[in-house]
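K.L.:
Coordinates for the following, if possible.
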Amino acid sequence: MKRIRFVTLVMVVALLILAGAGSTGAQQPTQELVQDPAQDQAITPEMHVDSATLQQWLHSGDPRLAAWAADFTRRNHDATILAELPSWLEKWPVPLGAGDGKSVSAANAVLDALIQENAQVPVSTIVAIAPRFPAQAAILISRLPLSESRSTLGDWTLNNGGSWASGMLARIALMMLAKDPELKGARRVNLLEWSHAPWPIPKTRSK
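P.N.:
Residues are numbered from 1 along each chain as shown. Okay, the predicted model is just below:
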């Protein structure tokens, strides 16, 4: 129960920071008409789409089709396509700065599906998307056991002076590491204090 409450807290903090940064997080697929290349008809939320079609859309290279694939995966609770989304994220070229808005929207739609479907995502995927999508990365890593996330969280605490995203991830990493049952006494208190310290926060090792 404590673990569930803490994961919920991390999600709330991450989403509040995301909103404060001027982003609404995951978005619905583009409102422009997008044609299903196989059926030559406009894609709408009401149409029936099977897993084979969603797989084709996801790997089509078209960010608009990929966004629709993710949206239908979430709507249909499609476990088959959901399992493919983490590896898709690692390979999808999303610019770190201003860039192709459609590519960013596609990645947002995929992240939304993973978060809404309570999927557990590998650490490698979380690390890959963290610079561009720090709030979503924080939510996803909070779902992993510390035995899997501890090393990455420790890295985040050491990389907190370069950007808003790295500073945010460092704070959330400190919050999570402070819950580590292997930490005791003053060490845990220090992590809690540093998670509320002015930015940039002190650099520290988790071990």
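K.L.:
count of neighbours near residue 117?
P.N.:
Residues within reach of residue 117, counting by other CB atoms under 10 Å, total 14. Every C-beta, even on glycine, is put in place using the N, C-alpha and C of the backbone.
K.L.:
quick one: pLDDT of it?
P.N.:
On pLDDT, residue 117 comes in at 96.
K.L.:
which residues does it contact?
P.N.:
73-74, 77, 82 (CB atoms under 8 Å, 6 or more residues apart in numbering).
K.L.:
Please apply the same query to residue 145.
P.N.:
For residue 145, no residue counts as a contact, taking CB under 8 Å, 6+ apart as the criterion.
K.L.:
Considering the contacts of residue 117, which possesses the most neighbours?
P.N.:
When neighbours are taken as other CB under 10 Å, the top entry among those is residue 73 (30 neighbours).
K.L.:
Secondary structure element holding it?
P.N.:
Using DSSP states H and E, residue 73 falls within helix 63-76.
K.L.:
model confidence over that helix, on average?
P.N.:
94.
K.L.:
packing partners for it?
P.N.:
In terms of contacts (3 or more CB pairs under 8 Å, 6 or more residues apart in numbering; DSSP states H and E), helix 63-76 is packed against helix 51-58, helix 79-82, helix 85-91, helix 101-116.
K.L.:
Take those and write them to a markdown table, including distance to residue 178.
P.N.:
Listed next are the helices and strands packed on helix 63-76 as a markdown table, based on distance: least, CB to CB, whole Å:
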| stretch | distance to residue 178 |
| --- | --- |
| helix 51-58 | 38 |
| helix 79-82 | 31 |
| helix 85-91 | 27 |
| helix 101-116 | 23 |
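K.L.:
Identify, out of those, the most deeply packed stretch.
P.N.:
Ranked by mean neighbour count under mean count of other CB atoms under 10 Å, the helices and strands packed on helix 63-76 are led by helix 101-116, which reaches a mean of 21.
K.L.:
Now do it against helix 51-58: the angle between them, please.
P.N.:
Helix 101-116 and helix 51-58 are oriented at 140 degrees to each other (axes from the mean of the first three to the mean of the last three CA atoms, to 10 degrees).
K.L.:
What is helix 101-116 packed up against?
P.N.:
For helix 101-116, the packing partners by 3+ CB pairs under 8 Å, 6+ apart are helix 63-76, helix 85-91, helix 134-141.
K.L.:
For these, could you give me JSON lines that also reports distance to residue 118?
P.N.:
Formatted as JSON lines, the helices and strands packed on helix 101-116 follow (distance: least, CB to CB, whole Å):
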{"stretch": "helix 63-76", "distance to residue 118": "11"}
{"stretch": "helix 85-91", "distance to residue 118": "13"}
{"stretch": "helix 134-141", "distance to residue 118": "10"}
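K.L.:
quick one: which of those helices is nearest residue 164?
P.N.:
Using CB to CB as the measure, helix 134-141 is the one of those that comes nearest residue 164, at 8.1 Å.
K.L.:
name the helices or strands packed onto the closest one?
P.N.:
On a contact count with 3+ CB pairs under 8 Å, 6+ apart, helix 134-141 meets helix 2-20, helix 101-116, helix 123-129, helix 146-158, helix 164-177.
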